[in-house]
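Visitor: sequence and predicted structure below; questions after.
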Amino acid sequence: MTRVVRFHEYGDANVLRIEDVDVPAPAADEVQISVHAIGLNRAEVMFRTGRYLQEAVFPSLLGYEAAGVVKALGAEVTGFAENDAVSVIPTLDMARWPTYGEVINIPAKFVVKHPSNLSFEQAAASWMQYVTAWGALIAQAKLTADDFIIVSAASSSVGVAAIQIARSVGATVIATTRTEAKAQALRDAGAHHVIATEQGNLAERVRQITDGKGARVVFDPIGGPAIAQLAECMAFGGILLEYGALSTDEGAFPQFALLGKCLTFKGYLYIEVTSNDALLEQAKAFINDGLASAKLVPLISRTFKFDEIQEATRFLESNAQIGKIVVTLS
């Protein structure tokens, strides 16, 4: 028997329960991991509350990220050995391959031997954010040192990861946040410029920063009315990658900016990387190199103990954090 987190109905953090279950031996293509740390993600909140792309079948497990040591290997798995320090790239089904537990089974293709300079907490805080940002900025936008990029809602873990990845290729980063409360933290995280959207004219500030050219790349999780505002800030031929829908308002579609500037608007999900073996291998190499060289440094906002999973989730939903929330297991 091992302890896992399950929920038996949709609801707030109170529905999360720590329960004892039997964890089977790993399947032929799976790695069994003794978990030391778990990274929390907003996708898990959406799944728990019935607002995700995937519906839960109760009682449901959950979780996308973790780090620990290899406990056992499936019959077909090569390249790993017992006691290897490993971390988990988000799979395609968190209910089937959950990470909120003391022992988990994960397909080997989503398991990585991370650099030795990382703690388990840092390793558990790495893969969702860096794979998401890499797929958008590098694989799709082809970001270069000549580019300006706007990173919206930049205090999220993915936002901070995007800042670091953009800087690693030499791009100039314009981070946005609602107020000045997190502005200095974003500068400390590497943003060249920070714009508080509730306290200034976004388009005017971007024009000043870019000498009137606008930003070629926009990375946004908000959507709604923000899309029209961001389109006004973009350069001719620019691309906006929309990876979330935090806004509950639809907003006006900026058709004249789209046509006049020949813009590209694209919906984007990290599964575009994780479902493509070639892209996934490229992402692993880029991110592991960045982690090993400390060009990419996971920013951890706060850690909680496993028994505090409800409290940890409430903190995630508070939006008070800058960076990643991690749950540790003894």
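Guide: Yep, it's here.

Visitor: show me where the stretch 151-300 of the chain has its strands.
Guide: If DSSP state E, counting those that start in this stretch is used as the criterion, the strands of the stretch 151-300 of the chain fall at 172-177, 193-196, 215-220, 234-242, 264-267, 300-305.

Visitor: nearest to residue 325, out of these?
Guide: If you check each of those against residue 325 by C-beta to C-beta, strand 300-305 wins as the nearest, at 5.7 Å. Where C-beta positions appear, they are placed from N, C-alpha and C, glycine not excepted.

Visitor: partner strands of the closest one, with direction?
Guide: Paired neighbours of strand 300-305 in the sheet (DSSP bridges): strand 324-328 (parallel).

Visitor: who touches the strand it pairs with?
Guide: 36-40, 100, 120-121, 124-125, 129, 157, 298-306, 308-309, 312, 315-316 (C-beta atoms under 8 Å, 6 or more residues apart in numbering).

Visitor: quick one: low-confidence parts of the stretch 51-200 of the chain?
Guide: For the stretch 51-200 of the chain, applying pLDDT under 70 flags no range at all.

Visitor: recalculate using a threshold of 90.
Guide: Confidence mapping of the stretch 51-200 of the chain against pLDDT under 90 gives the ranges 51-53, 178-179, 181, 198-200.

Visitor: where do the helices sit along it?
Guide: The residue ranges that make up the helices of the stretch 51-200 of the chain, judged by DSSP state H, counting those that start in this stretch, are 120-124, 127-134, 157-168, 183-188.

Visitor: how far away is residue 55 from residue 310?
Guide: As defined by C-beta to C-beta, to the nearest Å, residue 55 lies at a distance of 22 Å from residue 310.

Visitor: and residue 53, by the same measure?
Guide: Where residue 310 is concerned, residue 53 sits at a distance of 24 Å (C-beta to C-beta).

Visitor: more neighbours, these two?
Guide: For residue 53 versus residue 310, the count of surrounding residues by other C-beta atoms under 10 Å is larger for residue 310: 17 against 9.

Visitor: grab the nearest non-local neighbour of the more buried one.
Guide: The shortest distance from residue 310 to any residue other than its chain neighbours is 4.4 Å, reached at residue 13 (C-beta to C-beta, 6 or more residues apart in numbering).

Visitor: what's the neighbour count on residue 170?
Guide: As a burial measure, the neighbour count of residue 170 was computed by other C-beta under 10 Å and equals 11.

Visitor: same question but for residue 196, I mixed them up
Guide: Residue 196 - counted by other C-beta under 10 Å - has 17 other residues nearby.

Visitor: and residue 80, by the same measure?
Guide: Residues lying near residue 80 (other C-beta under 10 Å) number 17.

Visitor: so residue 162 sits against residue 151, correct?
Guide: Yes: the pair residue 162 / residue 151 is scored as a contact, 4.7 Å apart, by C-beta atoms under 8 Å.

Visitor: any idea which helix is longest in this structure?
Guide: Looking across the chain with DSSP state H, the single longest helix is helix 277-293.

Visitor: of all the residues in that helix, which ones are buried?
Guide: When burial is assessed from 16 or more other C-beta atoms under 10 Å, helix 277-293 yields the following buried residues: 279, 280, 282, 283, 284, 286, 287, 288, 290, 291.

Visitor: again, but for stretch 208-221
Guide: 209, 210, 214, 215, 216, 217, 218, 219, 220, 221.

Visitor: and stretch 29-37, by the same measure?
Guide: For stretch 29-37, the buried set under the neighbour-count rule, 16+ other C-beta under 10 Å, comprises 30, 31, 32, 33, 34, 35, 36, 37.

Visitor: dump those residues into CSV; add distance to residue 167 as well.
Guide: Converted to CSV, those look like this (distance: C-beta to C-beta, whole Å):
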residue, distance to residue 167
30, 36
31, 33
32, 37
33, 31
34, 35
35, 31
36, 29
37, 26
